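Engineer: just coords:
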């Protein structure tokens, strides 16, 4: 229980710092507030007791006016290291529309994003604590005069996410969970001058297992991001709806192998 209290303390400290950064006033500071909705679907295939493959699709939209902000395809292979540790490597194809939903120029800029990741998880009674460490290399398509140009430029980004989930109850023998997370993003690279701090994301939501292998989750995310200028920020209020689907193929592989050996 003391570990849960410690995680809650970290969430509280992160929330205080997040709020202080968001609402601190200075003569030069500019904060743009936006409302969005994020929808996602994730499919995890368990291929082996230690190996799995996860593929995701994300649609992220502004609410006022209603326009696409980002479209994301991500896939990663995951390997169980043991002692509650997991390693992953993957790739993201990212389409970035203008950050201003009212912009008349609607250039969509591709981004290619390979990453490596380590996850650590532990169960404490009805609660679970997760730590996610991710390093990304981000390749942005070049632009010129409002059009896509040849080549890419790149930078690195480091991400750490602390997560806490707590089983509130069982509804029809399936778990209803409260989920909290706080994630910090830090930029690195020669093109980064004023925004080493990239963004912070605080999330709270509820998840419910509709089936043993199918979970739906709804929540709220506050996304606070520093722009490249250093004095301009985005404060985004986001409602999220996510569906997670898991398929265990290890049994099918075992049965197929047994049939082949007969």
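Structural biologist: Nice, thanks for sending it over. Please read all numbers here as calculations on a predicted model, not as lab measurements. Numbers count the residues shown, from 1 in each chain.
Engineer: burial check on the closest residue to residue 222 other than its chain neighbours, number of neighbours?
Structural biologist: Leaving aside its chain neighbours, residue 222 sits nearest to residue 202 (4.9 Å; criterion: CB to CB, 6 or more residues apart in numbering). All C-beta spots, glycine's among them, are computed from the backbone N, C-alpha and C. The number of residues packed near residue 202 is 18, by other CB atoms under 10 Å.
Engineer: what are the ranges of the helices in the stretch 1-150 of the chain?
Structural biologist: Using DSSP state H, counting those that start in this stretch, the helices of the stretch 1-150 of the chain run over 2-23.
Engineer: sketch out the low-pLDDT regions of it for me.
Structural biologist: Along the stretch 1-150 of the chain, segments meeting pLDDT under 70 span 1-27.
Engineer: tell me which helix or strand the residue nearest to residue 222 sits in.
Structural biologist: Assigned by DSSP states H and E, residue 202 belongs to strand 197-211.
Engineer: what comes up buried for that strand?
Structural biologist: 198, 199, 200, 201, 202, 203, 205, 207, 208, 209 (16 or more other CB atoms under 10 Å).
Engineer: over to stretch 140-153?
Structural biologist: For stretch 140-153, a neighbour-count test (16+ other CB under 10 Å) marks 140, 141 as buried.
Engineer: can you offset everything so residue one is 701?
Structural biologist: Taking 701 as the first residue, the last one we looked at is stretch 840-853.
Engineer: from the rest of the structure, what touches that stretch?
Structural biologist: With CB atoms under 8 Å, 6 or more residues apart in numbering as the test, stretch 840-853 has contacts from 805, 807, 809, 810, 811, 812, 839, 854, 891.
Engineer: quick check: closest non-adjacent residue to the fourth one.
Structural biologist: Residue nearest to residue 810 in three dimensions, not counting chain neighbours: residue 841, with 4.7 Å by CB to CB, 6+ apart.
Engineer: bridging residues for the nearest residue to residue 770 once chain neighbours are set aside?
Structural biologist: Leaving out its chain neighbours, the residue that sits closest to residue 770 by CB to CB, 6+ apart is residue 760, at 4.2 Å. The partner list for residue 760 in beta bridges (DSSP bridges) reads residue 738, residue 770.
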